[in-house]
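**Student:** structure for this input, please:
(3 chains)
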Amino acid sequence: MPEIKELVKGLADKYGRARESLMPILQGVVLENNFVSDIAMTEIARELDIATAEVYGTATFYSFLDTEPRGKFVIRVCKTITCDMHGKKRVIEKIEDLLKIKMGETTQDKKFTLLTTNCLGWCHQGPVMLVNSTPYPSLDENKVTEIIMEYMSK
Amino acid sequence: MAEKIKINIDGIALEIEKGTTILDAAKSVNVKIPSLCYHEDLCVAGNCRVCVVEVEGRKNLVASCAAPAEDGMVVKTTTPKVRSARTDIISLLVSEHNTQCTTCYRSTNCELQSLASEYNVDSERYLSVLKPNIKVDKSSYSIEKDDSKCVRCQRCVRTCAELQHVNAITVAHKGKDMKISTFMDLPMNDVVCVNCGQCVTHCPTGALTERRYYHEIWDAIGDPDKHVVINTAPSVRVALGEMLGFPVGTRVTGKMVTALKKIGFNSVLDTDFTADLTIIEEGHEFLDRVTRALKNGEKVALPMITSCSPGWVKFIEHMYPEHLDHLSTCKSPQQMFGALTKTFYAEKMGIDPSKIVSVAAMPCAAKKFEANRPEMKSSGYQDVDAGLTTREIGHMIKQSGLDFVNLPDSKFDSYMGESSGAAVIFGATGGVMEAALRTVYEVVTGREVPFKNLAITPVRGLEGIKEATIKLEKVLPAYSFLEGVEVKVAIAHGLKNARTIMDQIKDGKSPYHFIEIMACPGGCIGGGGQPIPTNDEIRKKRIAAIYAEDEGMPIRKSHEVPEIKKIYESYLIKPLGHKSHELLHTHYKKRNRY
Amino acid sequence: MENVKRVDLIFGEYTQEKYKILEETMKKSNEQIITEMINSGLKGRGGAGFLTGMKWKFTAQEKEPTKYVVCNADEGEPGTFKDREILTKVPRKVFSGMAICGKAIGAKIGFMYLRGEYSYLVPDLMAELDIYHEHAKRFNLDFTIELRMGSGAYICGEESALFESIEGKRGEPRNKPPYPTVSGVFGKPTVINNVETFVNAVMIMKYGAEEFKKIGTTDSRGSKVFSISGDTPKAGIYELELGMTVAQFVEEFGDGDTKAVQVGGASGFCVPRKKFKDTIIGFEGVPTGGSMMIFNSSRSMYNVLHNYLDFFEEESCGQCTPCRVGCQQLLKGIQAVKKGEKPSSYLNQLLKLSENMKITAKCGLGQSVANSFSSIVDNFKEEMIY
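**Tutor:** Below you'll find the model as predicted:
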């Protein structure tokens, strides 16, 4: 996988090779690939001269640094209490229905992954979801349908 | 002088150095505070919270292992508040634990079990939150990992990182899913694990254990067709007693031999024999390298580094594959023994080598992996069929129902049962170097090493890296090119220190000619297969026993052992000769670091 | 508005702000700044409520030449979203506050640790940072600010976990002592403050400690930015004077049917209707980092607690026993009671457990689980059982 090697090397050139560079590098890989593969982690370990286990241990601590393959668009629906009170469940059902996947799954075309997440900081406008890094507050079934449709055409 | 402060623990007033933790302060006045994640060898984690105590004026309890005592502090270690909290914490640990203690290898030697028993926790207090379907990882020849018995104290992770600089295991995930994991949760056999077993000796429970092979050995012993031979490593005899009713540091060589014979091994031999052989081969290899470098001006890899510690060998294969030529090509004593058992011994005894089961009793977990290395078949068979740990031997003796404490002493069998004091000290850090120097110095100068009673004290002790310089003077004519040369040697134990040594070599700045490296802190006496617990106090006692054993031996130098002389006369012909290369030397493999 | 006093300190007068306050403050001596901060009585706005001026003073006193300022923008407490609003609307005040702190304590580098959930703010913040650095150069201020991102871990809001995360490690809280003022990020003396705290510092520099002290109560000086959500027609961000009662708050923000208010998020306290009148919002009563979640009588408090415990068992770092296993036990326990698999008296055992978690957990997360647990179980026991 030469492109992963290049990506990691580029990130290490940009952020440095000290231990503190690990987070920005992992984040950079996720930004590009939506997850950090074992190959990417091995390359990071090599660049920073630390053990692969350390890279893995650090990555798995953070829920946004997925170590499993994810779709091009990662949908994270907030499951914390106020979003829950204001219809999170219906929103999730709608997305599952639209994408024909269950919570936690990725569509066959690898375009979407559906996950829940903890408080996104939009409690006054729940339910809310993130698609990659973009927040979509004040969701209902109609609004979420519109948004998903738009992403489907991307 | 460090600043002194005054504190009070359970009504005892004491003065201690500033910076001392409450736990250590309490220990100094014999107040025992229970702990779990704390280990003398490791940095403080403060995560199990078992060691909490009450400090007057504070609402919250304090983890005594992590909290420095402060001047005027009044500490109470067993108030109802402390007892209630501690009982809850132990109960919580039990609630996420696989409590099938009856079938656990660490039963009666488990820190969680003792705590639960001491505090008499009620198994019904909390619901079980043990994760279902946890599979035991048995992929490694050396180490078994059973997450269902993990208390997440992280002692193994700290051991692997701090003591060994290997980082094969890590803490992964968080919250309820937090676990001790390898990279990608791969099987232990597929990661950068050197099999040293230090994680095993630092694990408080049965989560990390050595892979056991004694069932197969019992079967072989029971099979009349098989001839089962066992050889026992030097540091087994100074630690085995700890499991069988003797105080730490007791030498039980004679009783051990008797027990193994009674168990039914056809022949009980001494690994020390091949330790002596290692000295002859390795000593000559060293002289050969030096001769080629100094006399012939050849490019030769120096410093030469010992290769008897299989944890260390796998470490260098992973971490410094480009420097493998520094390793002595000598096999470890275990593997030399295995190769000779199914050749020389078989021949002498007139036994078909295919019927021989060759067993090694070792203080080591890595020896199991080493025995299974594909290249270790120079006899035409797997040279060593099984490497058993000191702990497994202890278990076998217990299973046999022998009254170990009252057993009479016996001597090792022959062939390959005779050895020197130089071989015994292989068990302690610095021992191989001392043994080698005793022989090499004499080969070169014709005189004994200039140390009182042959004790080369600069290479002894628990300091992480030791150095010594020996000046060669009035050498024999054959070694005239060495006249006046100062031989610089170094000894490292614990792979953290090995890394320092290797980084010097990597940078081309190593000042040494000859280096001894042992994977485990303290050397083999602190090996991953030794009785649990191991800490510096225990290491020192085992080391003292090793040197006492050496002093008690009639022969103290490898080259003076009659059986050694004989095997060269009748079988090997000469050190580094054709036969030696076939049976006693090996090669190494480059492995991935990442 | 009579029930609550609105203030316009945090969000006010930012549009024209060209780092004027910072420039003015640069003329003050470090001692003056710190004295002013101490005199203001400002307490940290992240929730723990340590006196900010003292933090600055302790760090300033450290001999170590390298020091750091860290802005905790890892806002993750359920029900809190005020830092996001502050960073969106008045980032210059935040940077000014960090710079003032940097000058006062003798730090040259500041880190802003922003939660990964807010990464969409990064482009704007980076642009604002460029502007800040231009101004800093203009008045010869040697204090640069770097942005560091989290990646979805609530525990990184705990200060020592946050340091670990900046250092590129798992966000596991450290043993204390040593405290950040002695050994913080990269082992150096560090002031770590919440986003809002830094803004407050700027306002103190502008108006002076005496003016600042006029707002709020003796124990809770100044205004507070509240994040209001739940069963309310007025969900949103409000800057209010501290010291009001929950009753006053509910009168203003409730939907007329409020049965409970969760003050301070999942790690805060649940105040039931019968205690509205007697409970003051502030350090003398129920402290809050700003999260106010309102529940009306249609809500099941069992569900609320279940949701919180779900959150905690995932977001605990997992290293210490009381928090890692305790959270799982509390959740499993209330489920078992609800299903009738455990008698209702088991709740008492769980309450005891939560108390033990409070006094034995390694960090604030595990210690504060008991807050919501006991205040919900104690006040809504029947909802837990039936």
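
**Student:** quick check: residues of chain A near chain C?
**Tutor:** A:18-24, A:26-27, A:30, A:57-58, A:61-65, A:79-82, A:84-85, A:117-126, A:130, A:133-135 (CB under 8 Å from any CB of the partner chain). Every C-beta, even on glycine, is put in place using the N, C-alpha and C of the backbone.

**Student:** could you flag which of these are buried?
**Tutor:** The neighbour-count criterion (16 or more other CB atoms under 10 Å in any protein chain shown) marks A:20-24, A:26-27, A:30, A:57-58, A:61-65, A:79-82, A:84-85, A:117-126, A:130, A:133, A:135 among the residues of chain A next to chain C as buried.

**Student:** go back to those and keep what's next to chain B.
**Tutor:** A:57, A:61.

**Student:** before we move on, back to that, among the residues of chain A next to chain C, which lie within strands?
**Tutor:** A:117, A:130, A:134-135 (DSSP state E).

**Student:** max pairwise distance over those: which two?
**Tutor:** Largest separation among those by CB to CB: A:117 and A:134, giving 13.7 Å.

**Student:** who touches stretch A:11-24?
**Tutor:** A:25, A:28-29, A:44, A:47-50, A:55, A:58, C:148-149, C:151, C:165-169, C:186 (CB atoms under 8 Å, 6 or more residues apart in numbering or on different chains).

**Student:** if any of the residues you listed are buried, put those into a ChimeraX selection.
**Tutor:** The ChimeraX selection below is limited to those of the contacts of stretch A:11-24 classed as buried (16+ other CB under 10 Å):
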select /A:25,28,29,44,47,48,50,55,58 /C:148,149,151,165,166,167,168,169
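
**Student:** out of the contacts of stretch A:11-24, which sit inside helices?
**Tutor:** A:25, A:28-29, A:44, A:47-48, A:55, A:58, C:165-166 (DSSP state H).

**Student:** columns pLDDT on top of those residues, output as JSON lines?
**Tutor:** As requested, these are exported to JSON lines (pLDDT from 0 to 100):
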{"residue": "A:25", "pLDDT": "98"}
{"residue": "A:28", "pLDDT": "97"}
{"residue": "A:29", "pLDDT": "97"}
{"residue": "A:44", "pLDDT": "98"}
{"residue": "A:47", "pLDDT": "97"}
{"residue": "A:48", "pLDDT": "97"}
{"residue": "A:55", "pLDDT": "98"}
{"residue": "A:58", "pLDDT": "98"}
{"residue": "C:165", "pLDDT": "98"}
{"residue": "C:166", "pLDDT": "98"}
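
**Student:** which one among the residues you listed gets closest to residue B:316?
**Tutor:** Nearest member of the ones in helices among the contacts of stretch A:11-24 to residue B:316, counting by CB to CB, is residue A:48, at 21.5 Å.

**Student:** quick check: phi and psi at the residue of the stretch 101-250 of chain C found nearest chain B.
**Tutor:** Relative to chain B, the nearest point of the stretch 101-250 of chain C is residue C:175 (4.0 Å; CB to the nearest CB). Backbone dihedrals for residue C:175, given as degrees, to the nearest 10, come out at phi -70, psi 140.

**Student:** separation between it and residue C:368?
**Tutor:** According to CB to CB, to the nearest Å, residue C:175 and residue C:368 sit 18 Å apart.

**Student:** same check on residue B:73?
**Tutor:** According to CB to CB, residue B:73 stands 25 Å off from residue C:368.

**Student:** neighbour-wise, which of residue C:175 and residue C:368 wins?
**Tutor:** Taking other CB atoms under 10 Å in any protein chain shown, residue C:175 and residue C:368 do not tie; residue C:368 has more neighbours (25 against 17).

**Student:** low-confidence regions, chain C specifically.
**Tutor:** For chain C, the stretches with pLDDT under 70 are C:1-3, C:13-17.

**Student:** revised request: answer the last question for chain A.
**Tutor:** Looking at chain A by pLDDT under 70, you get A:1.

**Student:** and it, what are its domain boundaries?
**Tutor:** A:2-61, A:73-152 (automatic domain parsing).

**Student:** in TSV: these, plus distance to residue C:385.
**Tutor:** As requested, the domains of chain A are exported to TSV (distance: least, CB to CB, whole Å):
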stretch	distance to residue C:385
domain A:2-61	37
domain A:73-152	21
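
**Student:** who wins for proximity to residue B:414 among those?
**Tutor:** Across the domains of chain A, closest to residue B:414 is domain A:2-61 (CB to CB), at 46.9 Å.

**Student:** how long is that closest one end to end?
**Tutor:** 27 Å (CA to CA, to the nearest Å).

**Student:** in contact with the nearest residue to residue B:497 once chain neighbours are set aside, which residues?
**Tutor:** Closest residue to residue B:497 apart from its sequence neighbours, by CB to CB, 6 or more residues apart in numbering or on different chains: residue B:464 at 4.3 Å. For residue B:464, the contact set (CB under 8 Å, 6+ apart) comprises B:492-494, B:496-497, B:500.
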